[in-house]
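1. Got a sequence here, can you model it:
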Amino acid sequence: MSKTRASTHILPGDPPVEVSLRRSSRATRYSLRVSRSDGRVSLSLPLWASEAEALAFLRDRETWVRRHLRTAPVPAQARIGAQVPVCGQPCAVVAGTGRSARFVEGVIAVPQGPREGPRIKALLSGLARDRLSRAVAVHASALGRPHGQLTLRDPKSRWGSCSSKGDLMFSWRLIMAPPAVLDYVAAHEVAHLVEMNHSDAFWRVCARLRPDYRDHRDWLKRHGAELLAWRFDLVQESVPC
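-> Reported below is the predicted structural model:
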């Protein structure tokens with residue numbers, strides 16, 4: 001069983017940067033990461049590592065950290081008044097009635113209140129499941145391979161995965177990307193039903209399903225952080241003085 005211990009360090013400067021130090025029994029070296037979704041900075045280190053050496057490692061890479069923080073997308077809250085991307089196009093969010101969010105004449109209508117974000121997420125997740133299920137069925141049929149269970153999650157470091165049992169996992173946020181990008185990720189994971197690796201053989205299978213896969217893979221590299229930056233949390237209501 002792996003062990004993890006965490007502490008916090010403030011990297012001085014303008015502005016100061018909070019860094020989470022995570023000691024893990026699984027870590028074999030220092031690993032510095034700036035989250036694409038929320039800009040949080042973390043430094044993983046082995047249990048045996050010296051904290052002084054870890055902080056020296058961090059200071060040596062301060063320029064790298066600050067550069068990534070400057071170029072990170074600004075988090076945006078999904079709520080009334082926002083323009084949330086849906087299938088690659090901005091979709092206005094307006095006040096609606098009822099208990100859930102729904103599409104009405106090209107916009108997202110959601111009941112006003114603290115649950116605007118979660119309700120919008122539920123709407124988009126449902127649409128993502130429908131689109132991904134259809135795409136997976138088409139690509140799996142083309143390869144003549146059955147697939148297992150399909151689940152949606154909100155991972156921060158991958159857009160999909162395929163288990164050794166053929167179970168497929170996808171990020172529901174793919175519904176915010178252009179349809180061809182969503183279809184590419186579906187094809188990518190289905191291709192793993194044939195090749196459980198990223199060898200040349202795997203990419204040949206992927207190319208059979210999506211000959212233009214490079215374009216869509218590159219789109220995710222350029223714009224994926226923008227999708228991850230969207231927040232669907234509860235909206236905190238202001239309390240009058």
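
2. Show me what counts as buried in stretch 176-196.
-> For stretch 176-196, burial by neighbour count (16 or more other CB atoms under 10 Å) applies to 176-178, 181-193, 195. (C-beta placed from N, C-alpha, C; glycine too.)

3. Repeat that for stretch 15-25.
-> Those would be 17, 19, 21, 22, 23, 24, for stretch 15-25 by 16+ other CB under 10 Å.

4. what does stretch 153-166 give?
-> 159, 160, 161, 162, 166.

5. how near is the third one to residue 73?
-> Separation of residue 161 from residue 73 (CB to CB, to the nearest Å): 24 Å.

6. ok so, going back, can you list the buried residues of stretch 15-25 in a markdown table and add distance to residue 80 and pLDDT?
-> A markdown table is the format used below for the buried residues of stretch 15-25 (distance: CB to CB, whole Å; pLDDT from 0 to 100):
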| residue | distance to residue 80 | pLDDT |
| --- | --- | --- |
| 17 | 32 | 88 |
| 19 | 35 | 90 |
| 21 | 39 | 91 |
| 22 | 37 | 89 |
| 23 | 43 | 90 |
| 24 | 41 | 87 |
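
7. can I assume residue 205 is in contact with residue 194?
-> Yes: contact criterion CB atoms under 8 Å: residue 205 and residue 194 qualify, at 4.9 Å.

8. Tell me the residues that contact both of the two, please.
-> With contacts defined as CB atoms under 8 Å, 6 or more residues apart in numbering, the residues shared by residue 205 and residue 194 are residue 143.

9. Show me what counts as buried in the top helix by length along the chain.
-> Taking DSSP state H as the criterion, the chain has its longest helix at helix 116-143. Neighbour-count burial for helix 116-143 flags 116-125, 128-129, 131-132, 135-136, 139-140, 143 (criterion: 16+ other CB under 10 Å).

10. ditto for stretch 46-61
-> Quick answer for stretch 46-61 (16+ other CB under 10 Å): 46, 49, 54, 57, 58.

11. Which of these fall in strands?
-> Judged by DSSP state E, strands contain the following of the buried residues of stretch 46-61: residue 46.

12. JSON lines for the buried residues of stretch 46-61, including distance to residue 93 and pLDDT?
-> Formatted as JSON lines, the buried residues of stretch 46-61 follow (distance: CB to CB, whole Å; pLDDT from 0 to 100):
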{"residue": "46", "distance to residue 93": "45", "pLDDT": "90"}
{"residue": "49", "distance to residue 93": "46", "pLDDT": "87"}
{"residue": "54", "distance to residue 93": "43", "pLDDT": "89"}
{"residue": "57", "distance to residue 93": "43", "pLDDT": "92"}
{"residue": "58", "distance to residue 93": "39", "pLDDT": "91"}
